[in-house]
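Engineer: Have a look at this prediction, sequence included:
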Amino acid sequence: MSEKEKKQSGTEEIETERVEDRPGTYEAPPVDIHETDAAIIVEADMPGVDRAGVEVKIDSGVLTLQGRVKRKSVEGVTHLYEEFAPVDYYRAFTLGTEVDESRVGASMEQGVLTVTLPKAERARVRKIEVK
Amino acid sequence: MIFAWSSDWSPFGRLRGEINRLFERPFVARTFLPWWHERTQRFARVNMTETEDTLTVECEVPGVAKEDIDISVEGGLLTIRGERKAPEDHPPECYRRRERGSGPFERTLELPAQVDVENVTAKLSGGVLEVVLPKRPDAKPKRIDVKLG
């Protein structure tokens, strides 16, 4: 296997199945995952969720993203056309050993949750200078 | 009432689904859905609600800057146009998973009531664009008293 393939198959960032016994209905937010030399970055679309409604947890190597959508009053309101309903977001990922769990950070901006997972020292790409 | 997307993914199934939707809901004009229709079909989804005084349209646009959104009302149609910019500094090979997408989008909706265009307002919060269109006074429901004669 080439170096690149080996790195990707050893990614170990596998999406776990949604846990079926969770009460209520959830939608899985679409995510982009990219990496830099120092970190893996996860971006999830959670429109309708503000900073207060977001919860990011890491527990035993599992990263959990949850978003609570703000509910609006329906008094005197008629729905004419509905492509989306207020549904909370949930998605979980298994993290590989390359992530340093103690330094994970997250931010929420205009409905996009960004989670930064710094790579553990030994997982970082270090360029070796050839003399 | 939530309209489910057609589950027939063949090109004809999708076309048939689009045509069915066109005839089922005549007051919503057709929209063309480029890059994000193929991916998750969840970007720029819209809702339209109505009260006695206003029409309200919500559009999910997470990660879109206020400056990249253009809203216009003309001829009884509301058009929301914009672009979600892709981050410049990420080469494609640094992605492990890419579901969100980026690029231009456009939604056009037919308004079922006449609106006061001068007083339309829009607000972007939590990645959701909310456009409030006050109805023209003559478009509001008028109560008629029934007198006994």
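Structural biologist: Nice, I can see it.

Engineer: how about low-confidence regions in the chain?
Structural biologist: Unless you meant another one, I'm taking chain A. Where chain A drops to pLDDT under 70, the residues are A:1-23, A:123-125.

Engineer: other chain: chain B
Structural biologist: Applying pLDDT under 70 to chain B flags the ranges B:1-41.

Engineer: where exactly do the helices run in it?
Structural biologist: Ranges of helices in chain B, per DSSP state H, are B:11-24, B:35-39.

Engineer: tell me the contacts of the residue nearest the centre of chain A?
Structural biologist: Centroid-nearest residue in chain A, with Cα atoms, centre = their mean: residue A:42, separated by 4.9 Å. For residue A:42, the contacting residues are A:31, A:32, A:33, A:63, A:65, A:93, A:113, A:114, A:115, A:117, by Cβ atoms under 8 Å, 6 or more residues apart in numbering or on different chains. To be clear about C-beta, it is placed using only N, CA and C from the backbone, and glycine gets the same treatment.

Engineer: Bridge partners for it, pull those for me.
Structural biologist: Using DSSP bridges, the bridge partners assigned to residue A:42 are residue A:33, residue A:115.

Engineer: Please apply the same query to residue B:123.
Structural biologist: residue B:130.

Engineer: go on, residue B:134?
Structural biologist: Under DSSP bridges, the beta-bridge partners of residue B:134 are residue B:54.

Engineer: Tell me if I'm right that it and residue B:120 touch.
Structural biologist: Yes - between residue B:134 and residue B:120 there is a contact under Cβ atoms under 8 Å: 7.3 Å.

Engineer: Tell me how many other residues surround residue B:99.
Structural biologist: Using other Cβ atoms under 10 Å in any protein chain shown, residue B:99 is surrounded by 17 other residues.

Engineer: wait, isn't it in contact with residue A:32?
Structural biologist: Yes - contact criterion Cβ under 8 Å: residue B:99 and residue A:32 qualify, at 6.4 Å.

Engineer: Show me whatever sits in contact with both of residue B:134 and residue B:120.
Structural biologist: Shared contacts of residue B:134 and residue B:120 (Cβ under 8 Å, 6+ apart): none.

Engineer: Stretch A:115-131: how far from the chain's middle?
Structural biologist: Centre-to-centre, stretch A:115-131 and its host chain are 22 Å apart (Cα atoms, centre = their mean, to the nearest Å).

Engineer: how about it: buried residues?
Structural biologist: Of all the residues in stretch A:115-131, those buried under the rule 16 or more other Cβ atoms under 10 Å in any protein chain shown are A:115, A:116, A:117, A:118, A:119, A:123.

Engineer: And for stretch B:141-149?
Structural biologist: Those buried within stretch B:141-149 under the rule 16+ other Cβ under 10 Å: there are none.

Engineer: Only alpha carbons, please: show it as CSV.
Structural biologist: What follows is stretch B:141-149, C-alpha atoms only, in CSV (Å, rounded to 0.1, in the frame of the first residue of the first chain):
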residue,chain,number,x,y,z
PRO,B,141,-58.2,39.0,5.3
LYS,B,142,-61.0,41.4,5.8
ARG,B,143,-63.8,40.5,8.2
ILE,B,144,-67.3,41.2,7.1
ASP,B,145,-69.9,41.6,9.8
VAL,B,146,-73.1,39.7,9.2
LYS,B,147,-76.1,41.8,10.2
LEU,B,148,-79.5,40.4,10.8
GLY,B,149,-82.0,42.1,8.5
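
Engineer: residues in contact with that stretch?
Structural biologist: So stretch B:141-149 is contacted by residue B:52 (Cβ under 8 Å, 6+ apart).

Engineer: which residues sit in contact with the residue lying closest to residue B:82 once chain neighbours are set aside?
Structural biologist: Of all residues not flanking residue B:82 in the chain, residue B:69 sits nearest, at 4.1 Å (Cβ to Cβ, 6 or more residues apart in numbering or on different chains). Neighbour list for residue B:69: B:61, B:80, B:81, B:82, B:122, B:124, B:129 [criterion: Cβ under 8 Å, 6+ apart].
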